[in-house]
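A.B. asks: Here is my input; please provide its structure:
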Amino acid sequence: MQRYLLSRVIQSIFLLFGVLVVVFFLVRLTGDPTSLMVAKEAPAEQREAFREAMGFNRPLPIQFLDFAGDILRGDFGNSLHFRQPALDLILERLPATFYLATTALLFAIVIAVPIGIIGGSNPGSAMDSLGRALGLLGQTIPNFWLALILILIFAVNLGWFPSFGRDSAISVVLPAVALGFGSMGQLVRLTRSAVLEIRNEDYIRTARSKGISQFKIGARHVFRNASLALVSVISIQYSYLLGGSIYIETIFSWPGLGNLLQQAVDGRDFPLVQAIAFFISFFVIALTLLTDVAYALIDPRIRYSS
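C.D. replies: A predicted model of the protein is given here:
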């Protein structure tokens with residue numbers, strides 16, 4: 001197990017480095033930020049002076065080596081647009097993104113898992129039909145379209161929730177529902193499928209023949225065995241919620257990393273885009289590693305080897 005974890009950590013480091021290489025060169029395909037940061041009527045000397053001050057006139061490999069070296073020292077550069085360290089901006093917005101993503105995931109789990117378990121345990125029931133409908137809707141409705149519908153109904157017409165910002169505790173309700181609805185649909189379908197498969201296993205029939213109650217069978221056997229598949233999907237969904245919330249945060253003006261990334265891309269803010277990509281990639285890779293560890297804790301039969 002220790003050898004496996006060490007190999008996974010090494011793989012994660014190389015993967016993170018690969019992400020940085022791709023992001024570094026891709027953002028430079030969007031154009032020269034000088035055209036946005038310096039007035040169009042500015043003389044050529046002023047524009048060239050800006051490029052030299054920012055280091056944009058040096059060869060790209062040299063720029064990347066400087067960038068990688070700065071990251072190793074914990075320096076992510078200064079934002080071209082906000083005129084302050086990129087790390088400070090990220091740390092300021094990071095809690096809002098975690099709060100939104102965690103709330104969206106909890107919404108998805110609380111709704112999906114009970115419906116999936118009950119529906120899978122009672123195929124053909126009303127709860128099973130509800131679960132299949134939610135699974136279909138969650139997988140087909142775009143989250144940005146759902147966000148607009150939620151704003152129209154619950155913010156504009158009914159006035160129950162605010163439509164933008166993070167001014168109060170209820171401000172997270174609409175963006176969390178819009179962001180987590182797709183994850184809820186996938187979790188419902190996965191939970192239902194896992195329960196349908198497990199309920200016909202021999203050990204479940206043996207437990208029933210011993211007179212064990214349906215509740216104990218579900219809690220001790222069905223849910224525990226179904227949770228192995230859920231761990232993987234929940235980890236993937238949380239990674240998606242952290243990195244894919246740009247549209248939702250923009251629509252609701254949520255002060256998180258997604259909204260900040262959209263501003264950085266529009267402004268060709270190379271240092272800020274690179275720093276955000278590093279942090280998102282780091283958390284996604286870390287979640288993947290934690291998921292592998294959770295597998296071994298949930299199912300003792302799993303043994304990793306390097």
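
A.B. asks: just for the stretch 1-150 of the chain, where's the confidence low?
C.D. replies: By pLDDT under 70, the low-scoring segments of the stretch 1-150 of the chain are 1-2, 4-5, 30-47, 50, 52-57.

A.B. asks: and what of the stretch 201-306 of the chain?
C.D. replies: For the stretch 201-306 of the chain, applying pLDDT under 70 flags the ranges 201-205, 207-226, 243-244, 294-306.

A.B. asks: Do a quick rundown of the helices in it.
C.D. replies: Using DSSP state H, counting those that start in this stretch, the helices of the stretch 201-306 of the chain run over 202-209, 214-217, 223-243, 246-251, 257-266, 270-298.

A.B. asks: and those as JSON lines, adding distance to Arg166?
C.D. replies: The C-beta positions use only the backbone N, C-alpha and C, and glycine is treated the same way. Output for the helices of the stretch 201-306 of the chain, formatted as JSON lines (distance: least, Cβ to Cβ, whole Å):
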{"stretch": "helix 202-209", "distance to Arg166": "46"}
{"stretch": "helix 214-217", "distance to Arg166": "40"}
{"stretch": "helix 223-243", "distance to Arg166": "16"}
{"stretch": "helix 246-251", "distance to Arg166": "10"}
{"stretch": "helix 257-266", "distance to Arg166": "11"}
{"stretch": "helix 270-298", "distance to Arg166": "19"}
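
A.B. asks: Out of the ones you listed, flag the one nearest Arg73.
C.D. replies: Closest approach to Arg73 among the helices of the stretch 201-306 of the chain (Cβ to Cβ): helix 270-298, 13.4 Å.

A.B. asks: now the angle between helix 223-243 and that closest one, please.
C.D. replies: 180 degrees (axes from the mean of the first three to the mean of the last three Cα atoms, to 10 degrees).

A.B. asks: Identify each buried residue in helix 270-298, please.
C.D. replies: Within helix 270-298, the residues scored as buried using 16 or more other Cβ atoms under 10 Å are 270-281, 283-285, 288-289, 291-292, 294.

A.B. asks: still on that earlier bit, out of the helices of the stretch 201-306 of the chain, which comes closest to Leu190?
C.D. replies: Nearest to Leu190, of all these, is helix 223-243, at 5.4 Å by Cβ to Cβ.

A.B. asks: Could you check how far that closest one is from the centre of its chain?
C.D. replies: 12 Å (Cα atoms, centre = their mean, to the nearest Å).

A.B. asks: cool, and stretch 89-107?
C.D. replies: With Cα atoms, centre = their mean, you get 10 Å for stretch 89-107.

A.B. asks: All the helices of the stretch 51-200 of the chain, residue numbers only.
C.D. replies: 60-72, 86-121, 126-140, 143-150, 173-198.

A.B. asks: Quick one: list the elements packing against the last one.
C.D. replies: Going back to what we said before, that points to helix 173-198. In terms of contacts (3 or more Cβ pairs under 8 Å, 6 or more residues apart in numbering; DSSP states H and E), helix 173-198 is packed against helix 86-121, helix 126-140, helix 143-150, helix 223-243, helix 246-251.

A.B. asks: I would like the residues contacting the last one, please.
C.D. replies: Think helix 246-251. 97, 100, 143-144, 147-148, 151, 175, 178-179, 254-259, 261-262 (Cβ atoms under 8 Å, 6 or more residues apart in numbering).

A.B. asks: Let's see that with 6 Å instead.
C.D. replies: Outside helix 246-251, the residues that touch it by Cβ atoms under 6 Å, 6 or more residues apart in numbering are 144, 147, 175, 178-179, 256, 258-259, 261-262.

A.B. asks: just those residues now: which is nearest Ser232?
C.D. replies: Leu179 (20.0 Å).

A.B. asks: correct me, but the closest one touches Leu105?
C.D. replies: No - under the criterion of Cβ atoms under 6 Å, Leu179 makes no contact with Leu105, lying 8.9 Å away.

A.B. asks: out of the contacts of helix 246-251, who has the most neighbours?
C.D. replies: Each of those was scored for neighbours by other Cβ atoms under 10 Å, and Leu179 scores highest at 30 neighbours.

A.B. asks: Spit out the contact partners of the residue nearest to that one when sequence neighbours are not counted.
C.D. replies: Counting by Cβ to Cβ, 6 or more residues apart in numbering, Leu179 lies nearest to Ala104, which is 4.1 Å off, once chain neighbours are set aside. The contact partners of Ala104, by Cβ under 6 Å, 6+ apart, come to 176, 179-180, 241.

A.B. asks: From these, pick the one nearest Asp70.
C.D. replies: Relative to Asp70, the closest of the contacts of Ala104 is Leu241; by Cβ to Cβ it sits at 29.1 Å.

A.B. asks: how near is the spatially closest residue to that closest one that is not a sequence neighbour to Ala147?
C.D. replies: Among residues not flanking Leu241 along the chain, Ala101 sits closest, at 4.0 Å (Cβ to Cβ, 6+ apart). Ala101 sits 15 Å away from Ala147, going by Cβ to Cβ, to the nearest Å.
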